[in-house]
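> Give me a 3D structure for the following:
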Amino acid sequence: MGDSYDYLFKIILVGDGEVGKTSFVKRFTTGHFHRDCKMTIGVDFTIQTLQLDGKIVKLEIWDTAGQERFRSIVTRYYRDAHAALVIWINEVKMKCGEDIPHILLGNKCDKLSSRTVSSSDGECFARQHDMMSFLETSAKDGRNVDDAFYKLAQELFRTYSEPMDYRFDSIKLDYLPDNTASWWGCCGY
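Below you'll find the predicted structure:
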């Protein structure tokens with residue numbers, strides 16, 4: 001799909017240390033499970049491009065460190081996020097605002113013996129905090145990994161592709177306000 005795209009969305013992935021955030025991102029971007037992921041120091045960044053309704057959507061995925069000692073560094077990267085895959089719901093709402101779409105993930109669902117949250121509790125928590133949904137995921141076997149990113153991408157695409165007046169927070173890349181047409185035309189664009 002190259003370097004050209006119609007939409008660009010920043011998605012942050014936040015949660016406690018050692019819950020599998022990096023494995024989750026790597027499963028989505030490479031299609032493989034990476035057992036020995038190194039601890040994220042600060043923030044790691046990757047890009048994945050999707051095609052939705054004939055448009056090219058580029059996702060900037062920001063994988064944040066989960067350890068307490070990195071929280072002050074990590075929260076700087078919340079700025080301008082369009083969506084989140086979340087475990088620290090209160091911190092995300094404080095730093096990003098309440099209006100971004102977010103999905104609660106119950107990762108490592110392949111490890112049934114070490115389950116700490118039931119499906120019904122996760123779904124209830126997601127509803128109570130106005131999240132899009134709760135998904136049980138596994139970076140190891142790939143369960144719902146792609147679904148999580150695609151759900152967010154589709155919601156962002158739907159939100160930003162609806163007809164609307166020009167908005168400064170919109171990131172539609174091919175928009176030209178009527179009053180700039182002659183300026184662009186004179187420069188050969």
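> my read: F149 touches I47, true?
No - F149 is beyond contact range of I47, at 12.0 Å (criterion: CB atoms under 8 Å). In this view, the C-beta of every residue, glycine as well, is placed from N, C-alpha and C.
> Between the two, which contacts overlap?
Both F149 and I47 are in contact with 59, 61, where contact means CB atoms under 8 Å, 6 or more residues apart in numbering.
> Those two - which one has more neighbours?
Per other CB atoms under 10 Å, whichever of F149 and I47 has more neighbours is F149, with 23 against 11.
> Could you measure from the more buried one over to S120?
24 Å (CB to CB, to the nearest Å).
> For the chain, give me the ranges with low pLDDT.
For the chain, the stretches with pLDDT under 70 are 1-2, 69-70, 87, 89-95, 163-189.
> All the helices of it, in order from the start?
In the chain, helices defined by DSSP state H lie at 21-30, 71-74, 89-96, 119-128, 145-161, 181-186, listed in chain order.
> Could you export these to JSON lines, including columns for distance to A65?
Shown next, in JSON lines, are these (distance: least, CB to CB, whole Å):
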{"stretch": "helix 21-30", "distance to A65": "9"}
{"stretch": "helix 71-74", "distance to A65": "6"}
{"stretch": "helix 89-96", "distance to A65": "13"}
{"stretch": "helix 119-128", "distance to A65": "23"}
{"stretch": "helix 145-161", "distance to A65": "20"}
{"stretch": "helix 181-186", "distance to A65": "42"}
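> deepest of those helices, which one?
Each of those was scored by mean neighbour count; the highest is helix 21-30, a mean of 22, by mean count of other CB atoms under 10 Å.
> Just the CA atoms of that one, as CSV, please.
Extracted C-alpha coordinates of helix 21-30, given in CSV (Å, rounded to 0.1, in the frame of the first residue of the first chain):
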residue,chain,number,x,y,z
LYS,A,21,0.9,-5.3,25.1
THR,A,22,4.1,-5.6,22.9
SER,A,23,3.2,-9.2,21.9
PHE,A,24,-0.3,-8.0,21.1
VAL,A,25,1.1,-5.3,18.7
LYS,A,26,3.6,-7.6,17.2
ARG,A,27,0.9,-10.3,16.5
PHE,A,28,-1.2,-7.6,14.7
THR,A,29,1.7,-6.1,12.7
THR,A,30,3.6,-9.4,11.8
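> So K140 sits against K108, correct?
Yes - using CB under 8 Å, K140 makes contact with K108 at a distance of 7.5 Å.
> Neighbours of the nearest residue to I56 once chain neighbours are set aside, how many?
In space, and not counting its chain neighbours, I56 is closest to Y5: 4.3 Å by CB to CB, 6 or more residues apart in numbering. For Y5, the neighbour count with other CB under 10 Å is 18.
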